[in-house]
Structure formats: structure tokens, C-alpha cells
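Asker: show me the folded form of this:
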Amino acid sequence: MFRKLLSSLLFLSVTALSMDISQGVIPLFSVPSQTLPEDSINVMYSITNTTFEDTLEIDALDKPKEVSPFIVLGEVFGFNGFIWAWDRYVLDKNYARTGPSYWKRNFKEGWEWDHNHWAINFYGHPYQGATYYNFARGAGYGFYGSLLFTALGSYTWEMFAETEYPSINDLLATSIGGAVYGEVLYRLSRKFYGVEESSWYKQVAAFGFAHSAYLQRKVFGNRDGITGNTPVDMSIFLGTGSHFGNIYRYGGRNEDDLDQRWDDKHIMYGAEIEYGKPFRKVKRPFDYFNLYTRGEVGPDGTLFQLDVTGKLTNAGVHGRGHWVDFATYLDYSTFYGDFATVGTISLGTGIDFSLWLLPSLRFRMYHQIYFILLGTTDMGYDDLIRAVHPEYESDMDNYQYNMGAKYVLGLELLVGNRFRVKTKTVVDALHTIPGSLPHYGADGWDMLLKNYITMEYDLTDKISIGGRLDTYAKVAAYSSEFFEPMSRGVFAYTLYFSYKLF
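Answerer: Numbering: from 1, shown residues only. Below is the predicted model:
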């Protein structure tokens, strides 16, 4: 069935792309009397030549030479030394009282999994990694070269800067998460500071996004050739709504027995960034990426989500308003709050296609499937754990480390120039990594399902009004007699306003 669908899709796309018309988009079902949407007129690009002049023509010029790797290593190690000295002598942290005896132990006894506070491990460490990354990125190194410097920075920190054992999860989160966050922050920084004559306030913004890369450019000059001309869509939104339909089961008991209802009113805030265009040729990793962040605050709980997905490579065709794109992706996603705490670092592949069915009706669908290199899930058994371990503190270390798979399905429908409907479903299936259990842990499966349905209408070119329905479901099944199967689900509706910054 899937092969037939894919074959039909490719046939329709190639047919649309090959049709001869002097101007405008070719809908699959032509209605000549209607006006063509503005954003599709004269779109004659192929995926191989859509560059938007985001880089200098360095093929015809001498490529800027990277700053010496010894200088970059010195900056990375110097940054580690500064952070360690601050922790040791200013904050007087016990974990910074390290020395040769700890270094010897680390080399002799090796690596383990740590269970420090989840937010430190999966927000703090990647941000530290982004600083390493941008020392190298601002010095002219590419994505993978900068990733190597990031890994070296993380390795030396784990081995020499703490009394704790070196951590496997910290190395992965700092290196890969640091590269993801670092590249996104670097691209946004260069968007504000893509040319030398950028105004002072744009340079302040550029420094705020990627301070280490900005300082590198100030000291050593431009080393990458990026002009900052890549198109960026950036929106912020604010709204209010309510949770409802809470379903919570532990073994044979329901939510009334467990007092776990979540029916509060909430305030929602967030932002979304699309960097580049989905049909363009990816010449370098993250020439196209999406960043989506959203939070909910209410009396019964909070929620915070931050997802970054970037293309590493792609191949496809585009023309006259239609496209088909096959790509590989790197994804770093976090879902943090009272409902569930889940994080994933994933590598995957997918297909993305868009067709103008009518001059005023565009349809888009994308499928992505990932291998989860490192995942984390909270167990959700706070009360039971505390009964056995009174010293336990909620959300401090109540999560498992996992590997698994992720599936993403997205559908979009654009009606005219102002109204759009979107739905996105994400399923994470994770299994505990052997040897990573905390002292109270249990080996088993976790699954998180998220579904978002949104409708938006543009009131002006900048302001939109929208409504959304969100569905969350979490299932945990561990191979332990102590922990029974648990499932929880909740819905949320929100009305909001969106403002387009770019």
C-alpha cells in the first residue's frame, strides 16, 4: 500500500513539475478563473539551485582559512578552566574539589551513567556544549569539525573538572546536543550579523545568540562566508486555555483514587522558527531547520517543550509550487513538566512533499522515522519511590536512560493566503538501556504520544489568531513486581495570538 502511495505521489509530482506554463504555480486540478497565490507565482526553482545567496561565491574565491586548531583547543580548554575555577573558588562547590587522585580514578574505573537533575543534564550541558561548538564554528570550521571540538571539550570536563565519575550521558548530551543548539544559535547570530555594517543593536543580538562565535569573528575576522541572507520565519505566540479529559490509571485504579487530575486553566507562550525553505538543497548541515518551543503555566502544573530538527543531507525536486524532498535529520527534543519528562537525541530519515491541489489550496505531508541514540523518561512513580527511599526528591533523578524509535507525521493545509490547518503527531517508543538504572529503577518500556491540531487565520501580515487542541499520552510498563503498568492522558485547548517577527 505504501509503495503504491509513494509511486502515485512521485508520478503526480513529476507530472506537475514537467508541465509547461509561462508563469505561476501549476495546481493538480486547474481552475483558470482563480487568482494564483502570491507566494507561488514565478516559482521556477529546482532543489539544486535554490540558494537564496546565503553564502559568498567562495568557489571562485580563496576559501577563508580556519583559525589554527591549537588556538581553538586553547579557547575550549580555557573556557573549561574558567568554569571550574568559578565553581571551585567563587561558588565553593564540592564537585569542583578535584585533583590528580580523581583523575587517576577516572582513567582506571571508567564511565558511568549519572542521574543529576534532569534540566541540568538536558538543557544545561547542551548549552555548555554550544559554547565549545561556537568557538570552532566562529573560527571557520564546519558542522562536523566543530562537533569534534565540542566532544573534546566535554571529554576533558568529564575527566578532569569534577569529583564525580565521568558520565556517558553528559558526553552525549553535551556533544550532540551542543552541536544542535550551537548550530542553531550560530545561524541566528549570523542572521543578525551577516555583514560588517550591521547596526549596533543587531550586533548585540548576534552576541546574545552565540557569544563565543561572535568574539571569534571580532578577533579573527569572517571565516565562513555566510551572508545572513537565508530566509527566516520567526513567530511568537501567547494565549490561554484549559486542560480537560484527564485519564490516569495505575494498575487497576483510576485517577479519582490517586488524586492525579489535571483540569486547570493555563497560560501558553512560545515561539517557532523556520530557517531556510524545505525544498532547498542542503549544502551544509542545518541549512534548513525548525525550532519550536512552547510552555504552559497553571495552578496544577507546568509544561515546557523545546524541539530542534535540522536537515543533514537531502535530495529531491521542486518546481512551480510543488516539491518532493528526501532527507536525513538530526533531532533534539525535550518535553519537561508535571505530565511527563522525556528527552530524545535522534538520527533519522524522512520524506516531505507539497502539492497545490487548486490555485488556492495547498497540501503538505511529511513522514520522519528516527533511531533514538539517547533518550530519557521519568518513571512517574514518585509516591512509591518515596515510600521506599525517603531521601528521594521528585524530579531530581527519577528518570531512566533509553534507546528506541521515534515516528513523526505532519499534515498541513493552506487555504488561500490567510487560513491554514496543521496537525502533527509524534510517538516516542523507548526501552531502558541495560546498566543505566538508578538504584530504584526497573527495566522496561516507556511510550509518549503527542498530537497537536492547530488552526490559524492571518488578521494582518504580522498578526494571526489561532486555536489548538493538544493530546498527550504516556504509558510505562516495567519488568518489576513493585511497579505496575501506568498510563496517563490529558487534553488541552488553547486560544492564542501570534506575532510574526520575520
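
Asker: show me where pLDDT drops low in this protein?
Answerer: The model of the chain has pLDDT under 70 over residues 1-63, 195-197, 225-228, 250-262, 380, 382-384, 387-388, 392-397, 438-441, 481-482.

Asker: who's in contact with the residue positioned nearest the centre of it?
Answerer: Centroid-nearest residue in the chain: residue 308, 1.5 Å away (criterion: Cα atoms, centre = their mean). Residues in contact with residue 308, defined by Cβ atoms under 8 Å, 6 or more residues apart in numbering, are 180, 181, 184, 289, 290, 291, 292, 331, 332, 333. For glycine as for every other residue, the C-beta is placed from the backbone atoms N, C-alpha and C.

Asker: ramachandran coordinates for residue 81?
Answerer: phi -60, psi -40 (degrees, to the nearest 10).

Asker: any idea how far it is from residue 473?
Answerer: Distance, residue 81 to residue 473, by Cβ to Cβ, to the nearest Å: 46 Å.

Asker: likewise for residue 183?
Answerer: 32 Å.

Asker: next one: residue 483
Answerer: With Cβ to Cβ as the criterion, residue 483 and residue 473 are 18 Å apart.

Asker: between those two, point out the one with more neighbours.
Answerer: residue 483 (21 against 18; other Cβ atoms under 10 Å).

Asker: OK, contacts around that one?
Answerer: Residues in contact with residue 483 (Cβ under 8 Å, 6+ apart) are 379, 381, 384, 442, 444, 476.

Asker: please verify my assumption that the second one contacts residue 398.
Answerer: Yes. Counting by Cβ atoms under 8 Å, residue 381 touches residue 398, with 7.5 Å between them.

Asker: about what we covered before: among the contacts of residue 483, who's most crowded?
Answerer: residue 476 (25 neighbours).

Asker: so what's residue 145 closest to, chain neighbours aside?
Answerer: residue 136 (6.3 Å; Cβ to Cβ, 6 or more residues apart in numbering).

Asker: how about the strands in the stretch 351-500 of the chain?
Answerer: Using DSSP state E, counting those that start in this stretch, the strands found in the stretch 351-500 of the chain span residues 361-378, 399-415, 419-432, 444-458, 463-478, 486-500.

Asker: now those strands as a markdown table including distance to residue 337?
Answerer: What follows is these, written out as a markdown table (distance: least, Cβ to Cβ, whole Å):
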| stretch | distance to residue 337 |
| --- | --- |
| strand 361-378 | 10 |
| strand 399-415 | 13 |
| strand 419-432 | 15 |
| strand 444-458 | 12 |
| strand 463-478 | 10 |
| strand 486-500 | 11 |
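
Asker: residue 234: which of these is closest?
Answerer: strand 486-500 (7.3 Å; Cβ to Cβ).

Asker: mind checking how far stretch 277-284 is from the chain centre?
Answerer: 18 Å (Cα atoms, centre = their mean, to the nearest Å).

Asker: just stretch 341-349 next, same as before
Answerer: Centroid displacement of stretch 341-349 relative to its chain, using Cα atoms, centre = their mean, is 9 Å.

Asker: hmm, back to that, OK, contacts around the residue nearest to residue 145?
Answerer: Contacts of residue 136 by Cβ under 8 Å, 6+ apart are 72, 76, 145, 146, 148, 149, 150.

Asker: any idea how far residue 199 is from the third one?
Answerer: If you measure residue 145 against residue 199 using Cβ to Cβ, the figure is 31 Å.

Asker: between those two, tell me which one has more neighbours.
Answerer: residue 145 (16 against 10).

Asker: list the buried residues of the host helix or strand of the more buried one.
Answerer: For residue 145, the element it lies in under DSSP states H and E is helix 143-160. For helix 143-160, the neighbour count (16 or more other Cβ atoms under 10 Å) marks 143, 145-147, 149-154, 156-160 as buried.

Asker: contacts for it?
Answerer: Outside helix 143-160, the residues touching it (Cβ under 8 Å, 6+ apart) are 66, 69, 72-73, 76-77, 79-80, 83-84, 98, 103, 106-107, 111, 125, 128-129, 132-137, 141, 166-167, 170-171, 174-176, 178-179, 182-183, 284-286.

Asker: rerun at 6 Å
Answerer: For helix 143-160, the external contacting residues (Cβ atoms under 6 Å, 6 or more residues apart in numbering) are 72, 76, 80, 103, 106, 129, 132-133, 136-137, 166, 170-171, 174-175, 178-179, 285.

Asker: just the CA trace of that helix, in PDB.
Answerer: Only the C-alpha atoms of helix 143-160 are listed here, as PDB (Å, rounded to 0.1, in the frame of the first residue of the first chain):
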ATOM      1  CA  PHE A 143      29.400  21.300  11.500                       C
ATOM      2  CA  TYR A 144      31.300  18.000  11.900                       C
ATOM      3  CA  GLY A 145      34.700  19.700  12.700                       C
ATOM      4  CA  SER A 146      33.000  21.800  15.300                       C
ATOM      5  CA  LEU A 147      31.300  18.800  16.700                       C
ATOM      6  CA  LEU A 148      34.700  17.200  17.300                       C
ATOM      7  CA  PHE A 149      35.900  20.200  19.300                       C
ATOM      8  CA  THR A 150      32.700  20.000  21.300                       C
ATOM      9  CA  ALA A 151      33.300  16.400  22.100                       C
ATOM     10  CA  LEU A 152      36.900  17.200  23.200                       C
ATOM     11  CA  GLY A 153      35.600  20.000  25.500                       C
ATOM     12  CA  SER A 154      33.000  17.700  27.000                       C
ATOM     13  CA  TYR A 155      35.500  14.800  27.400                       C
ATOM     14  CA  THR A 156      38.100  16.900  29.300                       C
ATOM     15  CA  TRP A 157      35.400  18.400  31.500                       C
ATOM     16  CA  GLU A 158      34.100  15.000  32.500                       C
ATOM     17  CA  MET A 159      37.600  13.600  33.100                       C
ATOM     18  CA  PHE A 160      39.300  16.500  34.900                       C
END
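
Asker: next one: it to chain centre, how far?
Answerer: Remark: helix 143-160 is offset 20 Å from the chain centroid, using Cα atoms, centre = their mean.

Asker: check which element follows that helix along the chain.
Answerer: helix 168-172.

Asker: helices or strands up against that next one?
Answerer: helix 143-160 (3 or more Cβ pairs under 6 Å, 6 or more residues apart in numbering; DSSP states H and E).

Asker: please redo it, this time with the cut-off set to 10 Å
Answerer: Judged by 3 or more Cβ pairs under 10 Å, 6 or more residues apart in numbering; DSSP states H and E, helix 168-172 is in contact with helix 125-137, helix 143-160, strand 342-358, strand 361-378, strand 399-415.

Asker: which of those is buried the deepest?
Answerer: When you average the neighbours per residue for each of the helices and strands packed on helix 168-172 (mean count of other Cβ atoms under 10 Å), helix 125-137 leads with a mean of 27.

Asker: that older thread, which of the strands of the stretch 351-500 of the chain sits closest to residue 206?
Answerer: Closest among these, once you apply Cβ to Cβ, is strand 486-500, at 20.8 Å.

Asker: elements contacting that closest one?
Answerer: For strand 486-500, the packing partners by 3+ Cβ pairs under 10 Å, 6+ apart come out as strand 232-250, helix 255-258, strand 265-275, strand 289-298, strand 301-319, strand 444-458, strand 463-478.

Asker: recalculate using a threshold of 7 Å.
Answerer: With contacts taken as 3 or more Cβ pairs under 7 Å, 6 or more residues apart in numbering; DSSP states H and E, strand 486-500 sits against strand 232-250, strand 463-478.

Asker: coming back round to it: make CSV from the contacts of residue 308 and add distance to residue 430 to it.
Answerer: Below are the contacts of residue 308 laid out as CSV (distance: Cβ to Cβ, whole Å):
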residue, distance to residue 430
180, 19
181, 22
184, 24
289, 24
290, 22
291, 23
292, 21
331, 14
332, 15
333, 12
